[in-house]
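A.B. asks: Sequence plus predicted model, see below.
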Amino acid sequence: MAPIPITIITGFLGSGKTTLILNLIPQLRKKNPSYKLALLKNEFGDLAVDSQLASSSAISGVQELLNGCICCNLVGQLGPALKELEDTVSPDRIIIETSGSAFPATLALEINRLARDSGKYLLDGVVSVIDVENWEGYEDTSYTAKIQARYTDLIVFNKWESAGEDRYEECVDRVGDLEVDVAKVKSDRGFIDMDLVFGIDGGLAQQLTDGELKKEEHDHDHDHADGNSHGHEHDHQNEVEVLSVELRGAADTKISTDKLQKLLTSAPKDEVYRIKAVATLSAAPRNSDADVPAPGESPANRYIVNWAFGRWTFTPVAASVGEHASSSEAALRMTLILARCESAKWKKKIEAGGLVEAEAGDGELVVKRIL
């Protein structure tokens, strides 16, 4: 049996990785209605949101790795997760969507090792998605964002339409400063032809060695020392902090839509990188952009919230797909991914009220830092 090709899709928080993947599915189904695409999704925090969106989009199978990063503390779970997808779905291809702060080179090395040991997998390539509109902000503060752009086989420039051509050209120049010599392409509002993503013969990803990886880490440590930084080994998970928010209540408990929209509208994008939630709302919500279709109807008023850099969408939880256990028993489950040193302030803000509250029925609000 031919090995299962694996494509890694990486990119900083909110760059548009999930949207790109969801736009690939109809293309695959149009070409081959019986094609089986499986997704292995690594989510920061303890709430599965993006994987629930994928589950309702004709994807054949989804596995989640929560509460950590697939390239370091969860790397040991990669093999069993791939094996479960293989056994339950028999996929024609597997996409691995990393968390927004994952180091793709480490993951590529592990997949290559599993491929050698088992003969069941083939690393097809690494695709890095760059958010043109916000690249200048997080490129200056995130070492991981630079590494994601450097260790890849294809760069997809996303969200360039709203940023404008000048910002796009500046972003291309900044990426060029990283001495990245790989193929680059612009998306069309998150859409890219599947032939550009699949079958790219990921030479860089397949040939990457432990020696190259250690050299990169060594050079970065010297950069830290020269810059009077701490000089310790880089821990990319220290680039963000994560809050878990839960509001439990009776079956009739509903979250105030107005208060939640206030949170989404007021969160500054230099402090808050992502907000993901599943909630039962008191009224129909609205998306941030007028040119985005209004949220569909939900008989139970149960919605998935996806916020990134000041823009957000609401998607009804599909009745045909069972809700993930991480959110099914709460009126609201939310993950906030924040910049460094912001979690204490935002924990106090949410606990103070006015942003996440029950409008109908009683509810107990619990906010805790998990990273």
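C.D. replies: It's in. What you are looking at is a predicted structure, and each value in this text was computed from that prediction instead of being measured.

A.B. asks: quick one: the helices in the stretch 201-350 of the chain?
C.D. replies: 203-207, 210-226, 257-266, 343-351 (DSSP state H, counting those that start in this stretch).

A.B. asks: Out of those helices, which gets the lowest mean score?
C.D. replies: Lowest mean pLDDT within the helices of the stretch 201-350 of the chain: helix 210-226, at a mean of 47.

A.B. asks: Let me see the contact set for E359.
C.D. replies: Counting by C-beta atoms under 8 Å, 6 or more residues apart in numbering, E359 touches K254, I255, S256, T257, K259, S282. To be clear about C-beta, it is placed using only N, CA and C from the backbone, and glycine gets the same treatment.

A.B. asks: Hmm, F191 is touching N23, no?
C.D. replies: Yes - taking C-beta atoms under 8 Å as the definition, F191 is a contact partner of N23 at 4.6 Å.

A.B. asks: Just give me the residues shared between the contact sets of these two.
C.D. replies: Common contacts of F191 and N23 (C-beta under 8 Å, 6+ apart): none found.

A.B. asks: the more surrounded of the two?
C.D. replies: N23 (20 against 15; other C-beta atoms under 10 Å).

A.B. asks: E364 versus the more buried one, what's the distance?
C.D. replies: N23 is 39 Å from E364, where distance means C-beta to C-beta, to the nearest Å.

A.B. asks: if we can go back for a sec, now render the contacts of E359 as CSV, adding neighbour count and distance to Q148.
C.D. replies: Formatted as CSV, the contacts of E359 follow (neighbours: other C-beta atoms under 10 Å; distance: C-beta to C-beta, whole Å):
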residue, neighbour count, distance to Q148
K254, 21, 39
I255, 29, 34
S256, 19, 37
T257, 19, 35
K259, 16, 35
S282, 20, 39
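
A.B. asks: Which pair of the residues you listed spans the longest distance?
C.D. replies: The largest distance within these, taken as C-beta to C-beta, falls between K254 and K259 and amounts to 11.2 Å.

A.B. asks: Where does pLDDT dip in the stretch 201-350 of the chain?
C.D. replies: Where the stretch 201-350 of the chain drops to pLDDT under 70, the residues are 201-238, 320-322, 326.

A.B. asks: quick one, strands of it?
C.D. replies: 240-249, 254-255, 272-280, 302-308, 311-316, 332-339 (DSSP state E, counting those that start in this stretch).

A.B. asks: Next: the stretch 1-150 of the chain.
C.D. replies: 4-11, 37-43, 61-66, 93-97, 121-131.

A.B. asks: How many residues are close by C341?
C.D. replies: By the criterion of other C-beta under 10 Å, C341 has 9 neighbours.

A.B. asks: do you know how far it is from Q27?
C.D. replies: Noted for C341: a distance of 42 Å to Q27, by C-beta to C-beta.

A.B. asks: swap in A108?
C.D. replies: From A108 to Q27 the distance is 24 Å (C-beta to C-beta).

A.B. asks: Neighbour count for those two, which is higher?
C.D. replies: A108 (28 against 16).

A.B. asks: how close does the more buried one sit to S343?
C.D. replies: The value you get for A108 to S343, if C-beta to C-beta is used, is 30 Å.
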